[in-house]
Structures are given as structure tokens and as C-alpha cells.
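Asks: A predicted structure for the sequence below; I have some questions about it.
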Protein chains: 2
Amino acid sequence: MASRTIRTPGIKDVAALAGVSASTASKALNDTGQLRAETRERVRRAAEQLGFTPDSRGRALASGRSFTVGLITTDSSGRFSIPIMLGAEDALSAGEMALVLCDTRDDPLREQHYLKSLVSRRVDGIIVTGRRTEAREPIDVPIPVVYAFSPSTDPDDTSVIVDDHGGAASAARHLLSLGREQIAHVTGPESHLSAQIRAAATMGAAREAFVGQPLYGEWSERWGRHAVDVLLRAQPTVDAITCGSDQIARGVCDRLRELGRSVPDDIAVTGYDNWSVMALASRPPLTTVDMELEELGRRTANLLLDVIAGSPRRGQLILPTRLIPRESTLGT
Amino acid sequence: MASRTIRTPGIKDVAALAGVSASTASKALNDTGQLRAETRERVRRAAEQLGFTPDSRGRALASGRSFTVGLITTDSSGRFSIPIMLGAEDALSAGEMALVLCDTRDDPLREQHYLKSLVSRRVDGIIVTGRRTEAREPIDVPIPVVYAFSPSTDPDDTSVIVDDHGGAASAARHLLSLGREQIAHVTGPESHLSAQIRAAATMGAAREAFVGQPLYGEWSERWGRHAVDVLLRAQPTVDAITCGSDQIARGVCDRLRELGRSVPDDIAVTGYDNWSVMALASRPPLTTVDMELEELGRRTANLLLDVIAGSPRRGQLILPTRLIPRESTLGT
DNA sequence: GAAAATCCGGAACACGTTTTCCTGGACGAA
DNA sequence: TTCGTCCAGGAAAACGTGTTCCGGATTTTC
């Protein structure tokens, strides 16, 4: 039994090597307590020499915190959740927090399972995010929670959301400022809140320049192409189209080009999302609205850190979007 | 001090309520030790009544395991890492393991930081993944590691990779089986291993049906469009084009349509990646090669679980791809 | 020179669980 | 009756850290 299997060194090993007690070593490494500078240094060198990395399980137990937050997403495959995730992870890692990923795949059972697991891990906080802007049922855990993108239905919960209204309005105003006078709107299913909001905001901002009715369809290029035909039949003199997504906008551009209409000379087009594979690959590249989701993720994480630190900020935080002007409205 | 702040109940509370000792409660809840069935049941009811969830920090400390694995990715924004991540998370969550996400953003400093953090958390294992198929430097930690997508340069490490050669060959064989006799290949930068491999595999499988030289460029639609012009000038009689990515293939299709060439009647086209927003939105939808990355993630996770359990499987595991036939080769 | 203040560092405990070892009792066999 | 066996459950150690308290040593003060 003399030669135990090799372990990673613990604080006791460091202490022994430095010739002090474990508690002294702890104080030395954490810059706490009253120690001579020389002692501190000696312990530090010992730790260095042994390649000591403190075991956060012990620390977690002692401190009552786990330095971990859970991210629960209804679909991380979606392109909305991912930037949020990344932003959150970025903000958290700066604070030495780890992020554990839970993809529920929209399955309530899986969600329950994950919640239980996170509670059992005594996670310091939870971020909940979804792929729709509709408010969602709050989750019930004895742990700080912040909602991102999909707010909680409970207005007292902390939620960080995108200013969808402002985003759509900024696109419309951009077109007005370029002198466009007949603006149409093509977007996704009317059942989607974001489609409704964007349509309403567009009409509100365009006012008398808005022509016809918003065209609801699906979030696809195909619908964008088809919508052009519908639109041109009803409003042949339209000179601008704002779209509810970059995919739709790309379809719109493609179809317009096929019909020999120039973008933006004849008709200007705007997208929504700033999804680079769509917005940049489109011909011409799309003027679009960036929801700045990574920043949203960061803000969410920082808000969660505040809640954990004991100073919660309740209610909805609405983050601004950013208009990215490109050739589809400006020309070359 | 009598009314302490309300805590989540511990196993001792459960034990007290059931009238047994903590150790007995532990045994009852874990189906271990020698206990009367009646006692077990009593403890279970007590746990249920108190809504007891075991604290995994304590469990981690006692068991020596943390029931956590780290996923280190050089860019999780890439569309390759994400399905891998999801697959891994899926496989791990079944085993009650949590996955902590570490996005290094290709920064060696951040990678070091994350590694230190994972070691400090005494993670049970680490999955390393990247966005390129080139082998990468192994990481040096006293923890089981499995590499996914980007293998380790050390052949003794465990790596799970995609059969890029087989994938490209399957596309070429598919075209041959359809009677195509002049096959060209358009792909990404020659500096990318995957581009080289796919080109070589295409030539090998097409044999005398291969015309000209592989056209190397970039992974973009723009290059795909441009490549068509280059290609048709050099090889006017080509009747099939295999592409190194769906983006390139989409560009190829677009340009061919503009030139009045029918896909697939005049020229058949195949993509690579089965990236649905590209492959399905393309006109016509693309026959393409699916790398089954989510499955790769699952396999990787399961392999890691094996290593953790003590039965490592060294070397490279090469997973097959799947050919997805669609209209761009089959017609309607 | 003695008392007080200050500085250092160690012993012990807490955190929540699992696990090993041990004890007391019931039971059967000789 | 006595010995051994088996069962049910408890006490304590272990995991690795942080923290509180306390005592000894050194310095300061009168």
C-alpha cells in the first residue's frame, strides 16, 4: 500500500512542501488572512512547483457556491440560441464561471430532467432561452433565473429581449430617408409574434408610405420569391420591400433579379437577422437588422451574475438592434 | 439563531424524518447496502416528502468523480461544432453527465485558461473538437480526452473523424451510376486538408470520367458561380460537377441556371455537408453528402464514457458519411 | 520590566455525501 | 446453553477546501 496510485496534488501536499499547515496554504493562495509576505511567496512557489490546481469541488462545498450556471435552451440548433449561448459563455468565463449546456429539444420531460440535474448540481443560476420571441412559462426552481430572447410570462421575472419593434421601424425609416415612397412588407407566419410585431412596426414607421397589407407566409426563400409575384401584381409601383428575415429577403432579391427589376435602383430590399450566409451571399448583399444576440447573451449573463450577487434587476430589459446598411438599399 | 434561513433539505433531514441515520438514508436511496425493504421505502417516502435532491457536490467529492465532461471547441459558431456538441450532449445526458461548454475562439490563451478550469473542476473527461479536419496538437491534461472531427496528431490518442474520402467517393460513384461521363470537381482552398482529400477521392472514384483538374477556390457561393464560368470554358462538355460544399454547389446551380443549362438534365451537381439552408433552398435541391455530425458527437461521447469507465479504445475511429440524393442529380 | 497590542500561523470544524467498518441482536445448529 | 452466522443499521472516516477561533511569539507602550 506504500505506493498509492499517483494523485493530483492537494492543498495539503502544497502545505507540506512549504512547511506550513493546510489552512495557512489556503490563506496564502487566496490572499486572505494575516500572513507574512515571505510565507505567502513560499507557499505560492510550492504550489507552482507541484502544479497544484485547487479542486473546485471542495471549494464549491465550502463556499456554498458551485461557480456554475446552467443554460437551458429549447433548441440550440437554432441560429438564435447559439450566439446567445456564446455571448453568455464569454461573459461567464471572465468571472470564472462554467456554463453547462442543456438542450431540451422542446420536450417538457427533458426540461424537467435537466432542471432536476441543475438543481442537484446546486448551480448558481440558470439562463433560459428559446427560439421564439413569445413569452414562455417560467420555470420553478429555488435558484436565480434570467430569461433571454423568450421572456417569462411573469413580468416580475428578469428577462432580456430584443427590441423587435425598433428593429423593424429602423429599417422602414432607413428606406424613408432614402426617399422611398411605397414600402411593402413580406414576413413569416402571422402566428409568430415576431412577424406580427415587425409588421406592425413597419406600418407604424412607414405611415402613408406603406402600401397594401403585410404579406404573411413562411420563413423561407421560396416564400420570398413567391411573395414578389403576389406583391407586384397588387402593387406594381412599389419601390421598397422590407422583409421579416434575411432568407425571405434573399428570395425576394432573387426573384426580382429574375424579373429584370434592379435592386436597389427599382426596388430596395431589407432583411432581418444579419445572418451572414444569407445577407452576404445575397445578390446584392442585404441591408438588414442585426439583433446583436451575442451582446444579448452577454448582458443576460451579467444580469444573472448581478442576481447571484444579490442585486436583482427585475422586469424586462429591451436591447436595441442595429441596422446594417448594404447594397440592397444603398446600391454600389 | 434559532430560525436559520431556509435551506434545501439535506440527506440528514431525510434521515431524521425517516428516523434513521444519514448513512442508512444514503444506502436506501442508492439501493446499496443491506436494508429492510420497509426501511428503504420509509426513507424514500421521507425524501419524496421533503423534495430532497442530492447535492452532487458532496457526491462528487465522495465518489471521486464529478459527473461532468468538458467540451472544448475552437469555434462553436461554426456549423460543424454545433451538431457535434448536440450529439455529445445528448449521449451524455442519458448517463447523467453534464456538459460544460468552452469556446476557445481559436485563442491558445483562452484554451489554456479553459483547460485549467476544467482540470480544477476535476471533470471526468474532455471532448476536443475543431472546425477543420486537420489533425491538431493534443492537449496535455491528466484526464481522459477524446478528439472529435479534428483528430489528435498523436495516433495513440482516441479520435473520431469523418470518412471524408468515402464521402466524396460516394458522390462520384453516384454520378457514375447515373451514367455521367465527364465529372468535374469544384472545392475550397487547396490549403484545406478536407478540400484535398475530397478532390483526391473524387478523382480516384471517377477515374477516366474525371475531366480536367480540381478547381480550388473558397468555400463560398460566389466562388461556385465563378467556377462555372472557368469550368465551361475549359470543359464545355462536362455533364456533372461535384462540389466540396453545399455553398459552392448552390453557387454552381445558380450560375448554371443563369446560363440556361439545366440541372440535372444538362449537368448534374452534388454538394457536401447537407447544410439544410443551402441544400434545400438551392434550385434544384442538392444531392449532397451528410457527415452525420450529430452521430459523430454521440459516438465521441460514448467513447469518452468508455475511457472513463476504464476501457479505452485507442486510435482513430472513422465514421461513414451518408449520401442524400435529391433533385440536383435525380431530376424531378 | 511588565502589560498590552499586534502579528502569524495552526487546530478544528463546516460543507454533503459515500463507504468502510463495526456492533448488537436474531436465529440456527450442536 | 453456547457458539457461529447473518442481518440491519449506526458511527466515523474520507473527499478537498474555506473559515473561524485561538494561542504563541514578537513588538510596542508606559
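Replies: On my side now, so go ahead. Since this is a predicted model, take the numbers as computed values, not measurements. Numbering: from 1, shown residues only, chains lettered A, B, ... in the order given.

Asks: list the contacts for A:L304?
Replies: Neighbouring residues of A:L304 by C-beta atoms under 8 Å, 6 or more residues apart in numbering or on different chains: A:69, A:125-127, A:144, A:146, A:158. For every residue, glycine as well, the C-beta is placed using N, CA and C.

Asks: Export those as CSV, with columns for neighbour count, secondary structure and pLDDT.
Replies: Output for these, formatted as CSV (neighbours: other C-beta atoms under 10 Å in any protein chain shown; DSSP: H, G, I helix; E, B strand; the rest coil; pLDDT from 0 to 100):
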residue, neighbour count, secondary structure, pLDDT
A:V69, 27, strand, 97
A:G125, 25, strand, 97
A:I126, 23, strand, 98
A:I127, 26, strand, 98
A:P144, 21, coil, 96
A:V146, 29, strand, 98
A:T158, 23, strand, 97
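
Asks: distance of A:R257 from DNA strand C?
Replies: 64 Å (C-beta to the nearest atom of the strand, to the nearest Å).

Asks: Quick check, that residue in contact with A:S282.
Replies: No: using C-beta atoms under 8 Å, A:R257 is not in contact with A:S282; the gap is 10.1 Å.

Asks: Looking only at neighbour counts, state which of those two leads.
Replies: Remark: of A:R257 and A:S282, A:S282 carries more neighbours, 26 against 14, as counted by other C-beta atoms under 10 Å in any protein chain shown.

Asks: Okay, and that one sits in which element?
Replies: A:S282 is part of no helix or strand when elements are defined by DSSP states H and E.

Asks: Next: A:R222.
Replies: helix A:221-234.

Asks: Show me what that helix is in contact with.
Replies: Contacts of helix A:221-234 (C-beta under 8 Å, 6+ apart): A:184, A:186, A:188, A:212, A:215, A:217, A:238, A:241, A:243, A:247-256, A:259, B:281.

Asks: Tell me the buried residues in it?
Replies: A:221-228, A:231-232 (16 or more other C-beta atoms under 10 Å in any protein chain shown).

Asks: Buried among the contacts of helix A:221-234? Make that a PyMOL selection.
Replies: Restricted to buried positions by 16+ other C-beta under 10 Å, the PyMOL selection for the contacts of helix A:221-234 reads:
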select buried, (chain A and resi 184+186+188+215+217+238+241+243+247+248+249+250+251+252+253+254+255+256) or (chain B and resi 281)
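
Asks: Mark which of the contacts of helix A:221-234 are part of helices, please.
Replies: Under the assignment DSSP state H, these contribute A:247-256 to helices.

Asks: List the residues that contact the residue nearest the centre of chain A.
Replies: In chain A, the residue lying closest to the centroid (C-alpha atoms, centre = their mean) is A:I84, at 2.1 Å. By C-beta under 8 Å, 6+ apart, the contact list for A:I84 reads A:73, A:129, A:148-149, A:293-294, A:296-297, A:300.

Asks: ranking these by neighbours, who comes first?
Replies: A:A148 (32 neighbours).

Asks: Quick check: it vs B:H185, distance?
Replies: 43 Å (C-beta to C-beta, to the nearest Å).

Asks: go on, A:L259?
Replies: Counting by C-beta to C-beta - A:L259 and B:H185 are separated by 34 Å.

Asks: can you list contacts of stretch A:115-127?
Replies: A:60, A:65-72, A:88, A:97, A:100, A:102, A:139, A:141-148, A:300-301, A:304-305, A:307-308, B:8, B:53-57, B:93, B:96, B:98.

Asks: tell me how far it is from the chain's mean position?
Replies: Offset of stretch A:115-127 from its chain centre (C-alpha atoms, centre = their mean, to the nearest Å): 20 Å.

Asks: With only the CA atoms kept, save it in CSV.
Replies: Coordinates of each C-alpha in stretch A:115-127 appear next as CSV, following Å, rounded to 0.1, in the frame of the first residue of the first chain:
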residue,chain,number,x,y,z
LEU,A,115,-33.9,21.2,-14.2
LYS,A,116,-33.6,18.4,-11.7
SER,A,117,-30.0,17.9,-12.7
LEU,A,118,-29.1,21.5,-12.4
VAL,A,119,-30.7,21.9,-9.0
SER,A,120,-28.9,18.8,-7.9
ARG,A,121,-25.6,20.4,-9.1
ARG,A,122,-26.5,23.4,-7.0
VAL,A,123,-25.9,25.6,-10.0
ASP,A,124,-25.6,29.3,-9.0
GLY,A,125,-28.0,30.4,-11.6
ILE,A,126,-29.9,29.5,-14.8
ILE,A,127,-30.3,31.1,-18.1
